[in-house]
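# Build me a structure from this.
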Amino acid sequence: MEPPRTQERRKTDTLRRLEQDVDAWVPSLAPFSFLWDGAALLFAMPAAGPTARNLLASGEVRLGLGHTRDVVLIKGSAEAIPAAEIPAETGDAFAAKAGFDPRALSSPYFYFRIAPRKIQAWCEVNELGGRDLMRAGAWLDP
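As a prediction, the model looks like this:
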């Protein structure tokens, strides 16, 4: 087993995942494409789907990036934005990263802006201590 990463390295790795990963596991255990803007994640999903209905009802979300040996867990709040109201440059950036543009579809879609309040990251059991990288929406000092 490799030695545990420092908290600073975990934050760097997490930010890289937020910038480069395309999909995340959302509450319905379905993968959805996302765009990270440096402060929040932006998802798009069918308005009539179970995940969108759950997010609209609760406004809360827990999602995960990666697989079981390289986990990033995020808890946050969700703000719904109808596809017709998304700014053009934001919609264009999402479409470029995700490989599809929900604004062009005939079925109604919502974008959800997820503002993280808590982020945890770890690879192995030796990284469970210190896995919190963000609390109350603020990155922790390494």
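# beta partners for the residue most central in space within the chain?
By Cα atoms, centre = their mean, the chain has its centre lying nearest to Leu41, at 4.7 Å. With DSSP bridges as the criterion, Leu41 is bridged to Trp36, Ile114.
# shaky segments in this structure?
27-29 (pLDDT under 70).
# Run through the helices of it in chain order.
Using DSSP state H, the helices found in the chain span residues 7-20, 50-58, 88-98.
# For Tyr109, which of those helices is the nearest?
Among the helices of the chain, helix 50-58 comes nearest to Tyr109, with 8.3 Å by Cβ to Cβ. (Glycine included, C-beta is placed from N, CA and C.)
# give me every residue that touches the residue nearest to the centre of the chain.
Leu41 makes contact with 18, 24, 34-35, 63, 74, 76, 113-114, 116 under the criterion Cβ atoms under 8 Å, 6 or more residues apart in numbering.
# now Met45
Contact partners of Met45, counting by Cβ under 8 Å, 6+ apart, are 26, 32, 51-52, 109-110, 112.
# tell me the two of the residues you listed that are most distant?
Greatest spatial distance among the contacts of Met45 (Cβ to Cβ): Val26 and Tyr109, at 14.3 Å.
# Counting neighbours, go ahead and name the busier of these two.
Neighbours were counted for Val26 and for Tyr109 using other Cβ atoms under 10 Å; Val26 has more, 24 against 21.
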